[in-house]
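*Asks:* attaching a predicted model along with its sequence, questions to come.
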Amino acid sequence: MAVRNCSALLLCSAAVWAQAAAPLAYVVNRDDSLVSVVDVARQRTIRTLPAGMAMPQEIAISPDGCLAYLSSVWSATIAVLDLGKQQLLAGIPLNSVGNAVVFSPSGALAYVDTPTSNGGAIAVIDTANHQIMRTFVVSPQNTRGMAIHPDGSRLYALEQHRPPDAGKVAVVDPVSGTVLERISVGMDATDIKVHPAGAYAYVVNGESRQAQGSVTVINTRTHTVIATIKVGKHPSRVAFHPAGTLAYVTNSGDGTVSVIDTARHAVAGSIPVEQAPQHLVFHPDGKHAYVSHPQSDTLSVIDTMTQQPRGSVTVGSAPWGVAFASDARLATAKADGSGLEAGSVVAAKPIPISGVWAGLLLVVAGITALHRHGQKFTG
């Protein structure tokens with residue numbers, strides 16, 4: 001098996017150590033197909049990286065902080081970024097488009113939910129060689145979001161049911177690919193996250209026909225719904241504070257972030273932010289949260305102590321997914337007999353977007369960008 005050379009591994013190790021002291025935020029920009037690298041300490045974008053696909057939307061960073069996997073509902077590709085080298089590394093072709101990406105706790109595997117002719121499926125990727133190992137169907141419906149239990153024992157996939165838009169969560173054994181149970185949640189489910197301690201999961205329900213959205217709370221041991229929390233209008237995403245005491249929910253319909261007390265499963269406050277907030281992520285130290293705003297091309301900053309906005313950072317065009325690279329576990333990784341880290345990244349296939357399809361995707365991205373900017377000028 002071909003592996004990265006030692007200098008590349010050392011470069012990644014050095015980058016992770018640096019990020020442990022001053023982590024960087026990575027923001028995928030849907031309309032310009034770039035990734036903004038944000039120095040959150042100085043609140044500014046320090047560089048941009050090619051996303052390797054048209055209209056990227058989601059980003060997941062490996063537990064060792066060295067790789068970022070990007071996906072998009074516009075591209076049948078998973079793009080791989082080497083965060084040590086700060087460059088595009090490879091592309092993983094899918095049979096169809098990709099939705100969410102999650103890594104196993106060890107980082108050895110990545111899971112992508114993707115539609116197939118037989119329904120919603122999960123592709124399993126070996127992150128040592130960036131190759132799909134297998135794909136298993138988990139739902140007769142398409143899926144559009146996924147989470148993993150902190151111990152890696154379960155995957156949770158959001159099923160799309162239309163009509164009547166009633167959501168369900170498929171509980172999946174990642175080893176066998178077997179669906180263990182289905183749990184009914186609210187309408188227009190858009191996101192799911194598992195609490196850091198693993199005891200429960202939060203599912204965001206857009207509830208497009210209602211004045212307010214909601215969050216369904218699932219007990220991950222009994223697979224039962226234990227609470228429903230009313231939040232703002234058209235909620236989009238949820239994230240847990242690193243301490244697990246709070247959860248933030250972005251409400252794209254009213255420009256707020258709902259603050260949830262996870263001990264009581266109840267809303268404890270609301271934070272006004274810029275319009276149409278989408279993704280959000282907490283800084284690893286928990287002192288700030290960062291929210292993407294596609295309509296203003298910014299990443300807003302929230303002080304989690306005061307629960308108040310604290311400025312914003314200009315990023316690329318239509319920022320969407322956001323993630324931090326700051327984990328220093330790579331520094332403790334053991335080397336094998338050759339002196340190379342076991343499971344090091346190998347050379348992979350080139351990005352498979354070319355020719356007519358690439359042209360069509362870029363045209364779509366261009367039209368979308370023009371339309372969005374036209375809306376800005378017309379108010």
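*Replies:* Arrived safely. What you are looking at is a predicted structure, and each value in this text was computed from that prediction instead of being measured.
*Asks:* which residues of the stretch 51-200 of the chain score low on pLDDT?
*Replies:* The stretch 51-200 of the chain contains residues with pLDDT under 70 at 161-165.
*Asks:* show me where it has helices.
*Replies:* Under the criterion DSSP state H, counting those that start in this stretch, the stretch 51-200 of the chain carries no helices.
*Asks:* quick one: the strands in it?
*Replies:* Under the criterion DSSP state E, counting those that start in this stretch, strands of the stretch 51-200 of the chain are mapped to 58-61, 67-72, 75-82, 87-93, 101-103, 109-116, 119-126, 131-139, 143-148, 155-159, 166-172, 179-187, 189-194, 200-205.
*Asks:* got JSON lines for those, with mean neighbour count too?
*Replies:* The C-beta positions use only the backbone N, C-alpha and C, and glycine is treated the same way. Formatted as JSON lines, these follow (neighbours: other C-beta atoms under 10 Å):
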{"stretch": "strand 58-61", "mean neighbour count": "22"}
{"stretch": "strand 67-72", "mean neighbour count": "26"}
{"stretch": "strand 75-82", "mean neighbour count": "25"}
{"stretch": "strand 87-93", "mean neighbour count": "19"}
{"stretch": "strand 101-103", "mean neighbour count": "22"}
{"stretch": "strand 109-116", "mean neighbour count": "22"}
{"stretch": "strand 119-126", "mean neighbour count": "21"}
{"stretch": "strand 131-139", "mean neighbour count": "16"}
{"stretch": "strand 143-148", "mean neighbour count": "23"}
{"stretch": "strand 155-159", "mean neighbour count": "26"}
{"stretch": "strand 166-172", "mean neighbour count": "22"}
{"stretch": "strand 179-187", "mean neighbour count": "17"}
{"stretch": "strand 189-194", "mean neighbour count": "23"}
{"stretch": "strand 200-205", "mean neighbour count": "25"}
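*Asks:* in CSV: those strands, plus distance to residue 315.
*Replies:* Rendered in CSV, the data for the strands of the stretch 51-200 of the chain read as follows (distance: least, C-beta to C-beta, whole Å):
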stretch, distance to residue 315
strand 58-61, 13
strand 67-72, 15
strand 75-82, 16
strand 87-93, 18
strand 101-103, 20
strand 109-116, 24
strand 119-126, 27
strand 131-139, 31
strand 143-148, 23
strand 155-159, 27
strand 166-172, 30
strand 179-187, 31
strand 189-194, 21
strand 200-205, 23
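*Asks:* tally up the residues packed near residue 285, please.
*Replies:* 10 (other C-beta atoms under 10 Å).
*Asks:* cool, residue 232 as well?
*Replies:* Close neighbours of residue 232, defined as other C-beta under 10 Å, add up to 22.
*Asks:* indicate which one of the strands of the stretch 51-200 of the chain is closest to residue 38.
*Replies:* Shortest separation from residue 38 across these is recorded for strand 58-61, at 12.4 Å, computed as C-beta to C-beta.
*Asks:* quick one: contacts of that closest one?
*Replies:* Contacts with strand 58-61, where a contact means C-beta atoms under 8 Å, 6 or more residues apart in numbering, come from 26-28, 35, 67-72, 83, 98-103, 110, 320-325.
*Asks:* one more time with 10 Å
*Replies:* By C-beta atoms under 10 Å, 6 or more residues apart in numbering, the residues outside strand 58-61 that reach it are 26-28, 35, 51, 67-73, 78-79, 81, 83, 98-103, 107, 110-112, 145-146, 279, 281, 320-327.
*Asks:* that older thread, which of the strands of the stretch 51-200 of the chain sits closest to residue 270?
*Replies:* Proximity to residue 270, assessed across the strands of the stretch 51-200 of the chain by C-beta to C-beta, is greatest for strand 200-205 (15.4 Å).
*Asks:* tell me the strands beside that closest one, with direction?
*Replies:* On the basis of DSSP bridges, the sheet neighbours of strand 200-205 come out as strand 189-194 (antiparallel), strand 214-219 (antiparallel).
*Asks:* now the angle from that strand to strand 143-148?
*Replies:* Computed by axes from the mean of the first three to the mean of the last three C-alpha atoms, to 10 degrees, the angle separating strand 200-205 from strand 143-148 equals 160 degrees.
*Asks:* among the strands of the stretch 51-200 of the chain, which is nearest residue 307?
*Replies:* When the strands of the stretch 51-200 of the chain are ranked by proximity to residue 307 (C-beta to C-beta), strand 200-205 comes first, at 18.4 Å.
*Asks:* show me how far that closest one is from its chain's centre.
*Replies:* Once both centres are worked out by C-alpha atoms, centre = their mean, to the nearest Å, strand 200-205 turns out to sit 15 Å from its chain's centre.
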